[in-house]
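Enquirer: here's a sequence, model it:
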Amino acid sequence: MRSYVVPDPQLEALSARTLDVPYRDLRGFEYACKGVFDRLAAAISLAVLGVPMVAVAVLIKLSSSGPVLVGQTRVGRFGRPFTFYKFRSMRQNAERLRDDLEDQNDHDAPLIFKMRRDPRVTTVGKFLRRTSLDELPNLFNVLSGEMSIIGPRPPLAREVVHYERRHLQRLAAKPGITGLWQVRGRSEIPFEEMVDMDLEYIERWSLWLDLCILVRTPIAVLGGRGAW
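Expert: Model (predicted):
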């Protein structure tokens with residue numbers, strides 16, 4: 001499967017900034033167990049979902065021009081950048097079209113661009129987003145140790161360079177495929193409230209909390225709230 005990486009002009013500014021993450025230090029045996037569980041769960045999931053993922057890839061390829069996968073530079077734990085992979089749900093020139101749509105942002109935070117009816121999203125892409133199938137390639141990020149199954153969503157570099165001190169605290173945990181933000185509403189959640197949830201997750205973190213979020217995730221996905 002072909003893929004391409006969307007360049008992020010803010011990456012240089014991010015690397016030049018000292019990221020201060022003054023929050024709970026997640027270490028120890030229990031957090032190490034989380035890492036083992038992540039990689040094991042990702043490996044099993046990829047083995048089980050291999051055929052469906054190939055089917056999704058074929059559907060994307062047949063429905064619109066462009067690569068099957070798209071990679072973005074995201075910011076991980078303690079500000080480390082990594083390439084974040086998803087199934088392509090937009091037209092190939094989506095990034096170039098974004099500037100013309102900035103005034104139609106439906107998200108309350110100017111740093112985050114989200115539209116309820118984004119004209120760049122393909123027909124197949126709408127289905128993938130609603131069902132979260134576009135996020136399945138995130139499992140490769142989990143397998144490589146860049147992400148976790150549960151945790152804050154990884155922000156773009158252009159968002160982080162404008163973070164205030166409080167916002168930086170959400171980088172104390174490894175980013176996740178799902179988390180409190182997803183089971184409570186995804187894109188419907190205002191930015192500051194999302195940060196509150198991430199800090200709540202970090203402060204309360206335990207393997208039991210991860211399990212509770214994991215159990216609630218399928219219900220949230222099927223409900224479709226905030227999936228735009």
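Enquirer: how close does E192 sit to G50?
Expert: 39 Å (Cβ to Cβ, to the nearest Å). (C-beta placed from N, C-alpha, C; glycine too.)
Enquirer: and if you look at K174?
Expert: Taken as Cβ to Cβ, the span from K174 to G50 is 24 Å.
Enquirer: the more surrounded of these two?
Expert: K174 (24 against 10; other Cβ atoms under 10 Å).
Enquirer: my read is that the more buried one contacts I150, right?
Expert: No: contact criterion Cβ atoms under 8 Å: K174 and I150 do not qualify, at 9.2 Å.
Enquirer: residue ranges with poor pLDDT in this protein?
Expert: 1-25, 94-116, 224-228 (pLDDT under 70).
Enquirer: the spatially most central residue of it sits in which helix or strand?
Expert: Computing the C-alpha centroid of the chain and ranking residues by Cα atoms, centre = their mean puts R153 first, at 4.4 Å. Of the helices and strands defined by DSSP states H and E, none includes R153.
Enquirer: got it, and N141?
Expert: With DSSP H and E as criterion, N141 is part of helix 138-143.
Enquirer: next one: phi and psi at the residue sitting furthest away from the middle of the chain?
Expert: Most distant residue from the mean C-alpha position of the chain: F29, 25.8 Å away (Cα atoms, centre = their mean). Dihedral angles of F29 (phi, psi; degrees, to the nearest 10) stand at phi -60, psi -40.
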